[in-house]
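Student: One predicted model, sequence on top.
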Amino acid sequence: MKVLILSSRASSLMQFRTDLILDLVACGHEVIAAAPEKEQDWADKIAALGSRYSSFYLERTGLNPISDLRGLRSIYKLIKKEKPDIVFTYQAKTVVYGCTAAWLCGVPSINALLAGLGSAFRNKDRKLLKVILSLQYKFALGCCQNVFFQNRDDLGEFLKAGLVCENKVTMINGSGVNLQNFTPQPLPNENAFLFVGRLIRDKGIMEYMEAARKVRIKYPTAKVRILGSFDTNPTAISPSDLEPFIKEGSIEYLGKTEDVRPYLKKCSVFVLPSYHEGTPKSVLEAMATKRPIITTDAPGCRETVIDGINGFLVPVGDVDALAEKMIWMIEHRAEAERMASVSLEICREKFDVKKVNAVLLKVMGL
């Protein structure tokens, strides 16, 4: 069969869908991976996976109706050209316009993954925007044969609002993690905390830096590190937001990378104080590397941690609680190492990408 995977970012295809593409190709399917970035920048990387890359027009952020109609038309033209048997799409705009375009083209199997509802949908101050997105989601998901969710909070919200039919829904354990690429590593001797993610406020980056100040007052030798790229998201921070914390020595900014493993190896505790997630892949990669986790008691994040067992869940936006648990990890090294071992056990049992992809392929009839 011919499978078309639609994403609003080409980098996301490599970061989140490499294993899915490889599994589809291994099963003998033809795979086209598509995103808005230029073909010359991504064709070779996608070709290395045994797939083809194709580009379409789409503005990832904003609600300009003319721009969005242009995006819908571009995706429609791509689908008409490729004539896929199956469309698999994820991320807000590609779900909305990808599913709609696939329905207009008469694609036999349309499949959407809701990997987190995003800041635009959850922002209580932007009620009109939420109404518009809800209408878009309801129509798009109505076009689907299958809709995948990564956490029950998001599913519950969609069911309550009547945006998806329950008989179309399948729960999956995040995007999974490749346990051959991410392997257990011994904890380093130094106390080193690591945040990995896009530098947006919704990831809890400001709370993490404020907590770093408190931790380093008590333990000046502790390392509090940030790894990730600046973003165009409405809640994105700027380099100037980082600068005061860097100058005073509270945090170390490591820039961005295509391979997080060397940085995970050097951290003793992984921290993600996010406001909401689908299921955070960065946390899964840390768990596979055998790290204790501190994250928030928020949608998606709470799927990864059993509080007090493989790490801690702290309230969203609570700097004091976050700093307290970071300090606890420093002061209870033996317990932190025990938590690290449990993280690995949970990851192997629940989040192995092979198990996650097996569910996707089975439900989609592949």
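Tutor: Perfect, thanks for sending it.

Student: Run a quick neighbour tally on the nearest residue to residue 315 once chain neighbours are set aside.
Tutor: Once flanking residues are discounted, residue 315 sits nearest to residue 321: 5.7 Å by Cβ to Cβ, 6 or more residues apart in numbering. C-beta here means a position set from N, CA and C on the backbone, and glycine is covered the same way. Using other Cβ atoms under 10 Å, residue 321 has 20 other residues around it.

Student: Roughly how far does residue 321 sit from residue 296?
Tutor: As judged by Cβ to Cβ, to the nearest Å, residue 321 and residue 296 stand 9 Å apart.

Student: what residues are shared contacts of the two?
Tutor: When Cβ atoms under 8 Å, 6 or more residues apart in numbering defines a contact, the residues bordering residue 321 and residue 296 alike are 314, 315.

Student: Domain map for the protein?
Tutor: 2-176+352-363, 192-350 (automatic domain parsing).

Student: rank these by mean pLDDT and give me the bottom one.
Tutor: In terms of average pLDDT, domain 2-176+352-363 trails the rest of the domains of the chain, at a mean of 93.

Student: now it, how far from the centre of its chain.
Tutor: Taking Cα atoms, centre = their mean, to the nearest Å, one finds domain 2-176+352-363 lying 13 Å from the centre of the chain it belongs to.

Student: Would you map the helices across the stretch 151-300 of the chain?
Tutor: Using DSSP state H, counting those that start in this stretch, the helices of the stretch 151-300 of the chain run over 152-160, 205-218, 239-247, 261-265, 281-288.

Student: wait, which of the ones you listed is closest to residue 331?
Tutor: helix 205-218 (9.3 Å; Cβ to Cβ).

Student: and that closest one, how far from the chain's centre?
Tutor: In terms of Cα atoms, centre = their mean, the centre of helix 205-218 is found 24 Å from the chain centre.

Student: Next, the angle helix 239-247 makes with that helix.
Tutor: For helix 205-218 against helix 239-247, the angle by axes from the mean of the first three to the mean of the last three Cα atoms, to 10 degrees is 10 degrees.

Student: Can you tell me what sits against helix 205-218?
Tutor: The contact list for helix 205-218, computed with Cβ under 8 Å, 6+ apart, reads 193, 195, 197, 199, 222, 224, 226, 237, 241-242, 245, 248-251, 271, 273, 317-320, 322-323, 326-327, 330.

Student: Quick check: phi and psi at residue 146.
Tutor: Main-chain torsions, residue 146, degrees, to the nearest 10: phi -140, psi 140.

Student: same deal with residue 258?
Tutor: phi -100, psi 0.

Student: show me what contacts it?
Tutor: Per Cβ under 8 Å, 6+ apart, neighbours of residue 258: residue 14.

Student: Could you say which helix or strand holds residue 99?
Tutor: Take DSSP states H and E as the rule and residue 99 turns out to sit in helix 92-104.

Student: and the angle for the helix or strand just after that helix with helix 92-104?
Tutor: Counting by DSSP H and E, the next helix or strand C-terminal to helix 92-104 is strand 109-114. Note on geometry: by the same axes, to 10 degrees, strand 109-114 and helix 92-104 are set 170 degrees apart in direction.

Student: Pairing partners for strand 109-114, with directions?
Tutor: Strand 109-114 has the following strand partners under DSSP bridges: strand 86-90 (parallel), strand 146-149 (parallel).

Student: my guess is residue 2 meets residue 83, correct?
Tutor: Yes. Residue 2 lies in contact with residue 83 (Cβ atoms under 8 Å); the separation is 7.1 Å.

Student: sorry, back to before: closest to residue 115 out of the strands paired with strand 109-114?
Tutor: Closest among the strands paired with strand 109-114, using Cβ to Cβ: strand 86-90, at 5.4 Å.

Student: neighbours of residue 172, just the number please.
Tutor: 21.

Student: how much space between it and residue 206?
Tutor: Plainly put, residue 172 is 31 Å away from residue 206 if you go by Cβ to Cβ.

Student: how about the helices in the stretch 1-150 of the chain?
Tutor: Counting by DSSP H, counting those that start in this stretch, the stretch 1-150 of the chain has helices at residues 10-16, 18-26, 39-47, 65-82, 92-104, 118-122, 127-142.

Student: Save those helices as JSON lines, and put in mean neighbour count and distance to residue 32 too.
Tutor: Output for the helices of the stretch 1-150 of the chain, formatted as JSON lines (neighbours: other Cβ atoms under 10 Å; distance: least, Cβ to Cβ, whole Å):
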{"stretch": "helix 10-16", "mean neighbour count": "19", "distance to residue 32": "11"}
{"stretch": "helix 18-26", "mean neighbour count": "19", "distance to residue 32": "10"}
{"stretch": "helix 39-47", "mean neighbour count": "15", "distance to residue 32": "9"}
{"stretch": "helix 65-82", "mean neighbour count": "16", "distance to residue 32": "6"}
{"stretch": "helix 92-104", "mean neighbour count": "24", "distance to residue 32": "13"}
{"stretch": "helix 118-122", "mean neighbour count": "18", "distance to residue 32": "25"}
{"stretch": "helix 127-142", "mean neighbour count": "16", "distance to residue 32": "20"}
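
Student: so which of the ones you listed gets nearest residue 360?
Tutor: helix 18-26 (6.7 Å).

Student: and the closest one with helix 39-47, angle?
Tutor: Angle of helix 18-26 versus helix 39-47, following the same axes, to 10 degrees, is 70 degrees.

Student: show me where the stretch 201-350 of the chain has strands.
Tutor: Taking DSSP state E, counting those that start in this stretch to define them, one finds strands in the stretch 201-350 of the chain at 223-227, 252-253, 269-272, 293-296, 311-314.

Student: would you turn the ones you listed into a markdown table with distance to residue 43 and mean neighbour count?
Tutor: Shown next, in a markdown table, are the strands of the stretch 201-350 of the chain (distance: least, Cβ to Cβ, whole Å; neighbours: other Cβ atoms under 10 Å):
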| stretch | distance to residue 43 | mean neighbour count |
| --- | --- | --- |
| strand 223-227 | 27 | 21 |
| strand 252-253 | 32 | 16 |
| strand 269-272 | 33 | 28 |
| strand 293-296 | 36 | 27 |
| strand 311-314 | 40 | 26 |
